[in-house]
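Enquirer: A predicted structure for the sequence below; I have some questions about it.
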Amino acid sequence: MRNIIWLLVLLLVILHQDNWLWGDTRLVFGFIPISLFYHMCISLAAGVTWYLATVFAWPDNLEWSEAGSAEAGSAKADSAKAGSAKADQASAGTAGHHDGRTDS
């Protein structure tokens with residue numbers, strides 16, 4: 001399956017070069033230039049190819065376990081709490097000074 005996905009990526013790279021539509025003035029649905037519509041279709045195909053790559057060709061050793069992702073999430077939360085506490089301390093230290101003095 002990985003080879004098929006690589007072939008799809010190669011095909012998208014080749015088809016992205018749309019030299020044959022530059023001079024075409026036709027409109028799709030009466031208002032979209034054909035070259036823009038072509039690139040919209042290529043973008044959708046790239047999204048589908050990426051989806052297929054993540055479902056069928058994603059390396060198994062890169063999967064996170066439930067415990068690993070939960071630990072990473074709690075570490076981020078602890079870091080955010082620490083940053084918030086420092087900001088509170090900084091604002092509390094200068095809140096009472098209205099005469100232009102600063103804390104040293």
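Expert: Structure received.
Enquirer: for residue 24, pull up the helix or strand it's in.
Expert: Per DSSP states H and E: residue 24 is located in neither a helix nor a strand.
Enquirer: residue contacts, the closest residue to it other than its chain neighbours?
Expert: Nearest-residue entry for residue 24: residue 34, 5.2 Å, with adjacent residues in sequence omitted and distances by CB to CB, 6 or more residues apart in numbering. From N, CA and C alone the C-beta is placed, and that goes for glycine too. By CB atoms under 8 Å, 6 or more residues apart in numbering, residue 34 lies in contact with 21, 24, 26, 27, 28.
Enquirer: ok, residue 34 to residue 26 distance?
Expert: 5 Å (CB to CB, to the nearest Å).
Enquirer: repeat for residue 2
Expert: 38 Å.
Enquirer: could you say which helix or strand holds residue 42?
Expert: helix 34-56.
Enquirer: export that helix as CSV, just CAs?
Expert: Extracted C-alpha coordinates of helix 34-56, given in CSV (Å, rounded to 0.1, in the frame of the first residue of the first chain):
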residue,chain,number,x,y,z
ILE,A,34,-10.9,26.2,-15.5
SER,A,35,-7.3,26.5,-14.2
LEU,A,36,-8.5,27.4,-10.7
PHE,A,37,-11.0,24.5,-10.7
TYR,A,38,-8.3,22.2,-11.8
HIS,A,39,-6.1,23.3,-8.8
MET,A,40,-9.1,22.9,-6.5
CYS,A,41,-9.4,19.3,-7.7
ILE,A,42,-5.7,18.7,-7.3
SER,A,43,-5.9,20.1,-3.7
LEU,A,44,-8.8,17.8,-2.8
ALA,A,45,-6.9,14.8,-4.3
ALA,A,46,-3.8,15.8,-2.2
GLY,A,47,-6.0,15.8,0.9
VAL,A,48,-7.4,12.3,0.1
THR,A,49,-3.9,11.1,-0.6
TRP,A,50,-2.7,12.4,2.7
TYR,A,51,-5.6,10.7,4.5
LEU,A,52,-4.8,7.4,2.8
ALA,A,53,-1.2,7.8,3.8
THR,A,54,-2.1,8.4,7.5
VAL,A,55,-4.5,5.5,7.5
PHE,A,56,-2.6,2.8,5.6
